[in-house]
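Student: Pasted the sequence and its predicted model underneath.
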Amino acid sequence: MNKMKFLMLLAAIFMVTSIGVQKAQAWCEPGEIYCGFVKDSTVRFGHDDVERYRVGTYQNAPYCTPGGSADRWRGKAHVYRIHNPGDPFTLTLDWNDNPTTTRDDLILVVLEDCDANKCLGSDPHTLEFSSTNNNAINDNDANGIWVIVDSRVDTTIAYTLNAYCGDFPFDVELLSFSANRIAGGVKIDWSTASETENDRFEVSRRELGSDEWVTVGVVAGNGTSSTQHDYSVMDRSVGNAGYYYELSGFDVNGNKQVFNAVLVEAATDVAQIVDTYALMGNYPNPFNPTTNIRFSLAEASSITLTVYDVQGRVVSELVDGMMEAGVHEVAFDAAGLTSGVYFAQMSGAFGSDVMKMVLMK
């Protein structure tokens, strides 16, 4: 498929999807968090100023974040979504603040909707929503509640975000979680420092390029305990592909908590058994700011691997030349690009293949 046909395909897709529907914002494609969730991440530089942090829906409504127009938060840092947060609902944000300034470097913002001026609150470190405070969140919207970790300046800061629901008694302090290929399959190990009303753990597996999660192991928890416990599951049903493994827990009332996910790379002998020309997906996805694009070639071929934005403009040419048969992986660095949807296209004498990627800063 040449570039003109690719652009026409993109135009047709956007024309169909935009009929009667407001164009979706890439900024509104969040990561999911849950009650009891602890998220360690890093805010990176390159954000855009936004107008979403207003209390009301009109243009001149006051900002709910500290500072006036000359002291604005940058926006588009990290976006998360939580469903049914309950009453009470508490968010905490921790990071190593710059000691040379009197202003906070990061802030928490909670929005009712990502594309409207419906700010529910903001604070540098802690937000509490409850009936006691007369600000309990009634989450009756399928879109959920939007949680933003934002930065004051273009910067790189590591942080920890904790989502706690008062009516969610399940609590497990996870020390480690890993998955590694060994003879006969993949061994998954994890350890806990403490557990509260923990009924069981479940380990699920998803093959790279697939959206389907498969349960590969269930292990009983230790109820309520303040001592370290070590767990292990052996997955013997794997092939040579790459996989994500996810660890979840269930308390005695059936409440579920997702703890962590890790990647197990494809086995090295995949290159000898592939028989297709295809883009196999990218991981992680969404990504910030780098991702790895995987593709397979049934025979040695001259190919191009190009990344386009939604307007069909070339933003990166990753491969242009001969490649050996097998499975290949190429890194794509989008540090200088804005959040949004991008398309990777692989072309050669065999034809072409296109896939979508999401950059979320």
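Tutor: Arrived safely. Numbering: from 1, shown residues only.

Student: For the helix or strand residue 42 falls within, list every residue counted as buried.
Tutor: Residue 42 is part of strand 38-43 when elements are defined by DSSP states H and E. Under the neighbour-count criterion of 16 or more other Cβ atoms under 10 Å, strand 38-43 has 38-39, 41, 43 buried. Every C-beta, even on glycine, is put in place using the N, C-alpha and C of the backbone.

Student: Quick one: residues in contact with that strand.
Tutor: Outside strand 38-43, the residues within contact range by Cβ atoms under 8 Å, 6 or more residues apart in numbering are 31, 33, 77-78, 80, 106, 149-151, 155-163.

Student: change it to 10 Å
Tutor: Identification of contacts with strand 38-43 by Cβ atoms under 10 Å, 6 or more residues apart in numbering yields 31, 33, 74, 77-78, 80, 92-95, 105-106, 147, 149-151, 154-164, 173-174, 257, 259-260, 288, 361.

Student: Okay, now the unreliable bits of the stretch 201-350 of the chain?
Tutor: Where the stretch 201-350 of the chain drops to pLDDT under 70, the residues are 268-274.

Student: Show me the helices in it, by range?
Tutor: Ranges of helices in the stretch 201-350 of the chain, per DSSP state H, counting those that start in this stretch: none exist.

Student: Which stretches in it count as strands?
Tutor: 214-225, 229-235, 243-251, 256-264, 278-283, 290-297, 301-309, 314-323, 326-333, 340-348 (DSSP state E, counting those that start in this stretch).

Student: Tell me which of these sits nearest to residue 138.
Tutor: Nearest of the strands of the stretch 201-350 of the chain to residue 138, taken as Cβ to Cβ: strand 256-264 at 22.0 Å.

Student: The closest one - contacts with which helices or strands?
Tutor: Applying 3 or more Cβ pairs under 10 Å, 6 or more residues apart in numbering; DSSP states H and E, one finds that strand 256-264 contacts strand 38-43, strand 171-182, strand 185-207, strand 243-251.

Student: These: which one's closest to residue 113?
Tutor: Nearest of these (Cβ to Cβ): strand 38-43, 21.3 Å.

Student: so for that closest one, what's the average pLDDT?
Tutor: Average pLDDT, strand 38-43: 77.

Student: That strand vs strand 256-264, what angle?
Tutor: 50 degrees (axes from the mean of the first three to the mean of the last three Cα atoms, to 10 degrees).

Student: re earlier: in JSON lines, list the helices and strands packed on strand 256-264 along with distance to residue 346.
Tutor: What follows is the helices and strands packed on strand 256-264, written out as JSON lines (distance: least, Cβ to Cβ, whole Å):
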{"stretch": "strand 38-43", "distance to residue 346": "30"}
{"stretch": "strand 171-182", "distance to residue 346": "27"}
{"stretch": "strand 185-207", "distance to residue 346": "20"}
{"stretch": "strand 243-251", "distance to residue 346": "22"}
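
Student: Out of those strands, which one sits most buried?
Tutor: The highest average neighbour count among the helices and strands packed on strand 256-264, using mean count of other Cβ atoms under 10 Å, belongs to strand 243-251 at a mean of 21.

Student: Quick one: distance of that one to the chain centre.
Tutor: 16 Å (Cα atoms, centre = their mean, to the nearest Å).

Student: Please name every helix or strand in contact with that strand.
Tutor: Short answer (3+ Cβ pairs under 10 Å, 6+ apart): strand 243-251 packs on strand 171-182, strand 185-207, strand 214-225, strand 229-235, strand 256-264.

Student: Next, the buried residues of the last one.
Tutor: Counting neighbours by 16+ other Cβ under 10 Å, one finds that the buried residues in strand 256-264 are 257-259, 264.

Student: nearest residue to residue 302 other than its sequence neighbours?
Tutor: Using Cβ to Cβ, 6 or more residues apart in numbering and skipping the chain neighbours, the partner closest in space to residue 302 is residue 322 (5.2 Å).

Student: where does the one you found sit relative to residue 300, distance-wise?
Tutor: 6 Å (Cβ to Cβ, to the nearest Å).

Student: Residue 245 too?
Tutor: From residue 245 to residue 300 the distance is 33 Å (Cβ to Cβ).

Student: give the contact list for residue 307.
Tutor: Going by Cβ under 10 Å, 6+ apart, residue 307 touches 293, 313-318, 332, 334, 337, 342-345, 357.
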